[in-house]
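> give me coordinates for this.
(one chain, ligands or ions: 1)
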Amino acid sequence: MQKRRFVLASNSSRRIALLKLLGYKFDIIPHEIEEDVCCDILPSDLVQNLAFLKANDVAKRVDDAIIIAADTIISCKGAILGKPKDVYDAKRMLSMLSGTEHDVLSGICIINMPLKKKLLRIGRTYIKIRHITEEEIDAYIQTGEPLDKAGAYAIQGKGKKFIEKIDGSYTNAVGLPLEIVREMLNNILNDTNA
Ligand SMILES: Cc1cn([C@H]2C[C@H](O)[C@@H](COP(=O)(O)OP(=O)(O)OP(=O)(O)O)O2)c(=O)[nH]c1=O
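As a prediction, the model looks like this:
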């Protein structure tokens, strides 16, 4: 049987670390997509579309492989939050999220190039954030942690102190729902033609 090559289309150190936990050997080829978090689309459609664009971007640059990509956004009171543009945007996001509840959505796309098949799934985690004072927001932004995270916080980092409640997959909030990815990869490996 032809040896399958797995590729993670990501630059995220968190996604790389999470995928390693599943025990698969994989190459890392960062996508080159400019993510545009627009608001005239359902959050669930947006996050899956972005995950597909990332996987498809790398699929154009490799021979037959199984490509995994993901995208994570925050959906809060009708607003969609991606990564902050700058420290001011990070402050806007954290002020909006302070004292509220919201969903973290991660879209997963796996392209099985040998079979020309595409799998799309979505993970959803409910998060409740306590009230955060302006001084705490400014101090948190100073750490730099918020600047490359959707919603300008990291549940797995210094941002954990703001989290009042988590309902659902922790790894989904970090950016790669392992339960879902494991199931998708098992489906692909069980696919007799793969
Ligand atoms: C909500 C939340 C997001 N994040 C991260 C996950 C993602 O890396 C990032 C959202 O940005 P994404 O655009 O999903 O991903 P990325 O640009 O970091 O990486 P790539 O597109 O190359 O795969 O926010 C956390 O690390 N912790 C959290 O609690």
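> phi, psi of the residue nearest to F6 when sequence neighbours are not counted?
With CB to CB, 6 or more residues apart in numbering as the criterion, F6 has its nearest non-adjacent residue at 3.9 Å, and that residue is F26. Any C-beta I mention is one placed from the backbone N, CA and C, and that applies to glycine too. Backbone dihedrals for F26, given as degrees, to the nearest 10, come out at phi -150, psi 150.
> quick one, what contacts F26?
Residues in contact with F26, defined by CB atoms under 8 Å, 6 or more residues apart in numbering, are 6-8, 19, 68.
> go again using 10 Å as the cut-off
With contact taken as CB atoms under 10 Å, 6 or more residues apart in numbering, F26 is in contact with 5-8, 16, 19-20, 65-68.
> which one of those residues is nearest to the ligand?
Nearest to the ligand among those, counting by CB to the nearest ligand atom, is L8 at 8.0 Å.
> show me what secondary structure element comes after the longest helix along the chain.
Counting residues, the longest helix found in the chain (DSSP state H) is helix 43-59. Using DSSP states H and E, the next helix or strand after helix 43-59 towards the C-terminus is strand 66-76.
> partners of that next one in the sheet?
Paired neighbours of strand 66-76 in the sheet (DSSP bridges): strand 6-8 (parallel), strand 79-81 (antiparallel), strand 101-112 (antiparallel).
> is it possible to get TSV of those strands that adds distance to the ligand?
Listed next are the strands paired with strand 66-76 as TSV, based on distance: least, CB to the nearest ligand atom, whole Å:
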stretch	distance to the ligand
strand 6-8	8
strand 79-81	9
strand 101-112	5
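> tell me the residues of this protein that contact the ligand?
In this structure, the chain approaches the ligand at residues 10-12, 14-15, 30, 35, 54, 70-72, 83, 104, 148-151, 153-156, 173-175, judged by CB under 6 Å from any ligand atom.
> which among those residues count as buried?
10, 12, 14-15, 54, 70-72, 83, 104, 149-151, 153-156, 173-175 (16 or more other CB atoms under 10 Å).
> all helices of this protein, in order?
Ranges of helices within the chain are 13-20, 43-59, 87-97, 134-142, 170-174, 178-190, based on DSSP H.
> what's the closest non-adjacent residue to K160?
For K160, ignoring the flanking residues on the chain, the nearest one in space by CB to CB, 6+ apart is A154 at 7.8 Å.
> dump the residue contacts of that neighbour.
With the criterion set at CB under 10 Å, 6+ apart, A154 makes contact with 14, 140, 143, 145-146, 148, 160, 173-175.
> got those as TSV, with pLDDT columns?
Written out in TSV, the entries for the contacts of A154 read as follows (pLDDT from 0 to 100):
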residue	pLDDT
R14	94
Y140	98
T143	98
E145	98
P146	98
D148	96
K160	98
A173	97
V174	97
G175	96
